[in-house]
Structure formats: C-alpha cells, structure tokens
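*Asks:* Let me see the structure of the following:
(chains A and B)
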Amino acid sequence: MRPGCHPNGQEGRNSLRRYLTTFIMNRKENPIMAENIAELNEIEVQPANDAELELAKMRHSAAHVMAEAVLDMFPNAKFAIGPAIEDGFYYDFDLPRSLTPEDLEQVEARMRNHIKKAEVFTRNEVSREEALETFKDQPYKVELIKELPEDETISTYQQGEFLDLCRGPHVDDTSKVGAVKLLSVAGAYWRGDEHRPMLQRIYGTAWNTKQELAEHLERREEALRRDHRRLGRELDLFSTNEMIGAGLILWHPKGAMVRNLIERFETDEHLKRGYDLVYTPHIASEETYKQSGHLETYAENMYSPMDIEGSPYYLKPMNCPAHIMIYNSTIRSYRDLPIRYAELGTVYRYERSGTLHGMLRVRGFTQDDAHIFCRPDQMLDEAKAVIDLADYFAEVFGYRYEAYIATRPEKSIGSDENWVRAEATLKQAVSEMGIGFKIDEGGGAFYGPKIDIKFLDSLGREWTGPTIQVDFNLPERFDANYIGEDGQQHRVVMVHRTVLGSMERFVGGLVEHYGGAFPVWLAPVQAVVIPIADRHVEYADSVARRLKEAGIRVDVDSGSDRMQNKIRHAQLQKVPYMLVAGDREAEADAVAVRLRTNENLGAQPVSEFVEMVTGLVDSKSRELQ
RNA sequence: GCCGACGUAGCUCAGUUGGCAGAGCAGCUGUUUCGUAAACAGCAGGUCCGGGGUUCGAAUCCCCGCGUCGGCUCCA
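*Replies:* Below you'll find the model as predicted:
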C-alpha cells in the first residue's frame, strides 16, 4: 500500500494472473517462504485435500515432461523453475531463440511421446557439492542450490534423459501425466525481478482425463465470450481510442446508462446511510501532495505537473487530501462526528503501458470514494456500517464474497496501541457482522490495517471489492483534529473506503459477471417493440410511448427486416424483453412478450407488462418475470 | 517499462514471390409486409495504425513511433 489513501484495487482479472499475483505477493510477505527456494520448483498451490494434492503433483510432473521435451529441441536450454499452478503448470526457460506457436505444438507432440513411454521418475538425494557439479551448466539451478538452507536435503528427479533439481514429489512415471495442453508462451523475469534476465515461460494446463481437459478449455472459452472488451464492443458500451490515448475509457450511451444507473443507486444509498456528498477539483497544487506524502512515495504513479503561473499543479491520483481539507475547513467538535464525505471522484494515475487492460486497468477512473472522520470509539460502528453497505451491494449485484483482514506490516507508522486497537476493531466489526474472514498477515498498509472484501463472480472468479482502511498517517500530516468533551484537541480517526472500487473496473467486472445480460434495472435498453408489419408500427409506437411514460427504456424496431431478424437482433443485444406487436396484439391492447432466455410469455395487456417490469426494476431483481 | 505476437472497411478476417485493395456480417437504398434467432436485390464503404527508408513499383521488405493482445514487473 501506498501512503495517503485507499487502494484502487487493480488486480489482474483472470484467475491465473490473479493467482500468480497472489503467489508473488505471498513470497514477498513471507521471507521464510521466499528463502525456501526449493519450493519454488515444486508445487505452488495450497492443496485443500488429497485429491488436489495428487492433481498438483501430476501437474508438476507435467512441467518436468515439458522440460524434457524442450531439452529434446534445445539441448543447450537453461532451465529455471517449473511449478504446478492453478489449473496447470509452467516452466521457465532460457533459450537461444524465441519460441513460436509452431514450437509449442512440437513441444506438445514430444510431450505426448514421453508420456506414452512411461518413463519412471527416479529420485536421488545428493550432496550440495554433487548437485553443484551436476548442474554446473545450469546457472539458474546453481543459484537455487547455493541459496538452499544448510540443512536442506537436496534431491534430483530424473525421467528419461531429463534430470532436474527438485524436491518432489512426482507421479510414478510419465504415463501417469494426464491430458495436457500447452496454452501460451510469455516473457517472465528470472525470479520475478525486472532487473534480471527475461526468460520464456510456457504455460500449460493438465487434467486427469480428456473430459476434464475439454471442460476446462470450455470454461476458458466461456470466459472469452464474457470478456468485457468483447462485449463492450458488441453491446456498444464503451471504447478506447488510439488518438485519445491508451487507458482512457470512452463511455458510449449504453455504457454510460449502466454506469449512471449504478451511480444513482449508490449515491441514493449513501445519502440514506448518512454520507454527505462533496465535489473536489481534478488538480491540486504541488504543496498538497508534498504535505500528503504522495510526492514522496506515490510520485511514480502521478503524471508530470503542469505549470500554472509558475506554480506546479498535479492531476489528482487520489481524492483524500481534498476531503481532508473540507474536514479542516472549520473547527470540529466531537458532537459533529462521524462525518462521512462521499464523492464519485475521478482520479488519474500513471500505469505502465504493458499493464493496461480494457476497463479493468486504466489511467483515468472514477472511484466511489468516501472518507469517514470519527472518534476512536466510533470506529467499530463505522466499520460495521461499511460492511453492511458492502453486503447489501454484493447482494444487489449477485456477488458472493470473502473477507480478509490485513494486519500490520513490518514497515509501518503509528503507535503499537493504535495498531492493536484498530486491528481488533476491524476483526470485531467483521465478526459482529457474522462474516467469516481470513487474516492477511502483514498485508496492511504501512499507515493502517484494512478489511479487503473480494467479490466472487458467476464463474467463481475473484474481483477486488470493497476495502476499508484505517489511516493513522494523513490526520497527522494534515493535523486533522476535533475538540473532545474535555475541551482538548484530539486526533481524528480517518477511514478510507470504497465499495465498488472504480466505476470502470466495477462495470467491466459486472459485464463479465452477467455475461452482458444485465438485470432489468440495469439493462440500457429494457425492451424492444417489434412490429410484425408496417401497419403495426403506429401501434408499436403507441406502446413505446406508454412504456416510456412508465420509465421503461424502450426502442421500436420499425425497420424492414422480418420479425425473426428483429428478434435475433434484440436477442444478440441481450435486451431483456422483445415485445411482438401484430394484429392480434393491437386488437387486444397487448404485446406478446418474449424473454431473452428464449421463453415466450405469450400476449399480455400492456398495463400488465408495465407493472411486471416496474416491479422488477424497483426490487432490482435479477429475474425477468 | 520488459519478452513475444498482432494492427487491412464499423466488426470478423483473406490478400501468393514486392506488381490494379478483397469477402462475409453490419450500414444505406429499393423490393417484400412476413407470428418468435438471419427475406431478396442493389449501392456505398479504405491514411492497408502513423512517420521515415529501400525499390521502377510497398498492405507486403527495413528502421522508428503509437496502439492492441498473452504474460512478467507494477498496482492491491
């Protein structure tokens, strides 16, 4: 965490990438693990049960088989590490040339050969000296051996011609490796350090049966079909533009409608829950970020300053300094607290070009930001109230979620007393809300502990959700106080929190969660009226007028297409309702209601349809009837 | 930022050895007036990502830049 304010929550979107990110994070945070290099060459996943352990063992063995195949093709290959990961494995190689997709096919073909031969995995324990001698031509292995703890047993595994430094375990022989498919080649820094050599990493997936492999590949296909970048274009929600610039989102009318509906909902909800709305500028003077500490520790994420009559000003990367200024604009009494400032605050952060990703990782975005200023004794209730809000939003959007409490990192500021109290308070808040949580040991910001809530979407993928962070830093830096009952000045407690994160990221995630089929209350177009022939257009228009009066977002498809094609078109746009209007309907003041689920509800009086839809909208139902 | 791949019509893509810029869908126009996922015909649509170079000639080869994608790093 950086100093200053709450996180933007910009994690990779797919499970593999997220998994790896998490893995690397854990390495950094756990020096004992990080020292245990041998483990790097084995199984990175934390198996929950025996079956998962067996699967991970098989996948790790698959990595060895892949290395064997690569050795066939490149006798001088240098080998780095090849662990099992979620759904599969990878191995990093240093090769004389870049791998092509054709190479990948060849590696896979050779792997199948080795698997067919049932080569036995043979374990050998060797001394450090023997190991160094054996791997003297393998600089990465040598580095690993040298860093193994003194008392570590060093073992090697061999199958066929391939010998690797490895602690195991492995399957008995290569025939036990299941259905394998190589997925991609990518660059990866040796030991994740951008100052060290770039290796070539081959990712593969491996399953016990062909059937499971096929199912996994189908899940990948499904994720691809739901990709918000693809749906964003197909449903005309947003775009980016090379001229405008990378990482800057253009919200088209339909995407803007979805966003606006969410913003209205969330703003109303905040007002109901005692937040005050504020607006703050997009730029602020250098002084601001000197005092907040951003220029000390967050400068690399900030854009170069612009000159205003000789003074440098910065595009804001966070909203908190401005909010704290509003707090400090007058003397506060303990009676005024808590004060909750909410703002859909648009911030700009420099992200390196290679990290940009659709709407999920961008350079300009709008946070549903809020800062709560309270007394220490109010922290518990405030934290609980935020959790309650998060729980409500999760329910409305149909996410399950998991909570993590991130505790004090080694490098941190603030008194022990403050930390102990804040951590205890956050734990108590989560417990009292009846929510299970995991501890992210040492994962807190240096300026305070936090609660992270991860949303789990319809495909079981994790998304950064609400965060609640206690901040001991900014109130100090900006001398933010209140007058207590004792007439003395006291340091105010500041809590940063977002519930949705950023609108870009949240809507992007929501598109994938729903697969583009928004619930009725969020659908940019809720219904399309489909006149069967030209003579029905007038009636269709009159239906549309009545629906619009009732607040329903409706289009009339009065083109010359046949009804079938109009239905197809509305269906592909994932419009919830297709209202067919022909002679029979015009006669009966009705519409024939077809759902995007292909269900046909038959003819309904227009008034009945309006009632049904407004009911579903008011309740924010995810059902269509 | 780094490694690799890619960039041709709104979208998906083809384009041979360097020799006239192509298809399907979408769009527009006309015909058709149809009962639950694609009527028929015609027309129009191009800075072949941008800039520079090689060449008689560049979408094609070379260099630089921009963007996108898969990862790494970063972010959390």
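*Asks:* OK, contacts around the residue of chain A found nearest RNA strand B?
*Replies:* Residue of chain A nearest RNA strand B, by Cβ to the nearest atom of the strand: A:Gly354 (2.0 Å). No exception for glycine: its C-beta is placed from N, CA and C like everyone else's. Listed by Cβ atoms under 8 Å, 6 or more residues apart in numbering, the contact set of A:Gly354 is empty.
*Asks:* ok but it is inside a strand, no?
*Replies:* No - if the criterion is DSSP: H, G, I helix; E, B strand; the rest coil, then A:Gly354 is helix and not within a strand.
*Asks:* Just give me the neighbour total for the nearest residue to A:Ile435 once chain neighbours are set aside.
*Replies:* Nearest residue to A:Ile435 in three dimensions, chain neighbours excluded: A:Ala403, at 5.3 Å (Cβ to Cβ, 6 or more residues apart in numbering). By other Cβ atoms under 10 Å, the residues close to A:Ala403 number 22.
*Asks:* host element of A:Ala403?
*Replies:* strand A:400-406 (DSSP states H and E).
*Asks:* what's the average pLDDT for the following helix or strand past that strand?
*Replies:* Following strand A:400-406 in sequence order, the next helix or strand is helix A:416-432 (DSSP H and E). The average pLDDT within helix A:416-432 is 90.
*Asks:* Kindly report the same for stretch A:457-477.
*Replies:* In the prediction, stretch A:457-477 has an average pLDDT of 88.
*Asks:* Stretch A:285-303 too?
*Replies:* Per-residue scores along stretch A:285-303 average to 91.
*Asks:* first to last residue in stretch A:280-296, what's the distance?
*Replies:* 22 Å (Cα to Cα, to the nearest Å).
*Asks:* what number of residues lie near A:Leu71?
*Replies:* Counted with other Cβ under 10 Å, residues neighbouring A:Leu71 total 19.
*Asks:* surely it meets A:Gly160?
*Replies:* No - between A:Leu71 and A:Gly160 there is no contact under Cβ atoms under 8 Å: 9.1 Å.
*Asks:* give the contact list for A:Lys454.
*Replies:* Counting by Cβ under 8 Å, 6+ apart, A:Lys454 has contacts A:401-404, A:462-465.
*Asks:* who in the stretch 51-200 of chain A is up against RNA strand B?
*Replies:* Contact residues, the stretch 51-200 of chain A versus RNA strand B (Cβ under 7 Å from any atom of the strand): A:98, A:100, A:184-189, A:192-194, A:198, A:200.
*Asks:* what about the helices in the stretch 301-450 of chain A?
*Replies:* A:320-327, A:379-397, A:416-432 (DSSP state H, counting those that start in this stretch).
*Asks:* how about the shortest one against RNA strand B, any contact?
*Replies:* It stands for helix A:320-327. No - Helix A:320-327 lies out of reach of RNA strand B by Cβ under 7 Å from any atom of the strand, never closer than 12.7 Å.
*Asks:* From the contact counts, what lies against that helix?
*Replies:* With contacts taken as 3 or more Cβ pairs under 8 Å, 6 or more residues apart in numbering; DSSP states H and E, helix A:320-327 sits against helix A:286-292, strand A:339-348, strand A:364-374, helix A:474-477.
*Asks:* Let's see that with 6 Å instead.
*Replies:* Secondary-structure packing of helix A:320-327 (3 or more Cβ pairs under 6 Å, 6 or more residues apart in numbering; DSSP states H and E): strand A:364-374.
*Asks:* and if you look at the second one?
*Replies:* Applying 3+ Cβ pairs under 6 Å, 6+ apart, one finds that helix A:379-397 makes contact with helix A:416-432, strand A:462-471, strand A:493-502.
*Asks:* Please convert the ones you listed to TSV, extending it with distance to A:Tyr90 and mean neighbour count.
*Replies:* Compiled in TSV, these are given as follows (distance: least, Cβ to Cβ, whole Å; neighbours: other Cβ atoms under 10 Å):
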stretch	distance to A:Tyr90	mean neighbour count
helix A:416-432	35	17
strand A:462-471	20	25
strand A:493-502	29	26
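*Asks:* For the ones you listed, give me TSV that also has distance to A:Leu213.
*Replies:* Formatted as TSV, the helices and strands packed on helix A:379-397 follow (distance: least, Cβ to Cβ, whole Å):
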stretch	distance to A:Leu213
helix A:416-432	39
strand A:462-471	23
strand A:493-502	34
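*Asks:* Out of those, which gets nearest to A:Ser292?
*Replies:* Closest approach to A:Ser292 among the helices and strands packed on helix A:379-397 (Cβ to Cβ): strand A:462-471, 10.9 Å.
*Asks:* re earlier: does RNA strand B have contacts with the strand holding A:Ala403?
*Replies:* No - judged by Cβ under 7 Å from any atom of the strand, strand A:400-406 makes no contact with RNA strand B; its nearest approach is 8.0 Å.
*Asks:* Now do the phi/psi pair for A:Asn473.
*Replies:* phi -90, psi -60 (degrees, to the nearest 10).
*Asks:* Excluding chain neighbours, give the residue nearest to it in space.
*Replies:* Nearest non-adjacent residue to A:Asn473, counting by Cβ to Cβ, 6+ apart: A:Tyr447, 3.6 Å away.
*Asks:* For the one you found, give me its contacts.
*Replies:* A:3, A:413, A:471-473 (Cβ atoms under 6 Å, 6 or more residues apart in numbering).
*Asks:* Can you name the residues of the stretch 201-350 of chain A sitting close to RNA strand B?
*Replies:* Contact residues, the stretch 201-350 of chain A versus RNA strand B (Cβ under 7 Å from any atom of the strand): A:201, A:229, A:233, A:240, A:242, A:245-247, A:301.
*Asks:* In CSV: those, plus neighbour count and secondary structure.
*Replies:* Output for these, formatted as CSV (neighbours: other Cβ atoms under 10 Å; DSSP: H, G, I helix; E, B strand; the rest coil):
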residue, neighbour count, secondary structure
A:Arg201, 19, strand
A:Arg229, 17, helix
A:Arg233, 13, helix
A:Thr240, 17, strand
A:Glu242, 6, coil
A:Gly245, 10, strand
A:Ala246, 12, strand
A:Gly247, 23, strand
A:Asn301, 18, helix
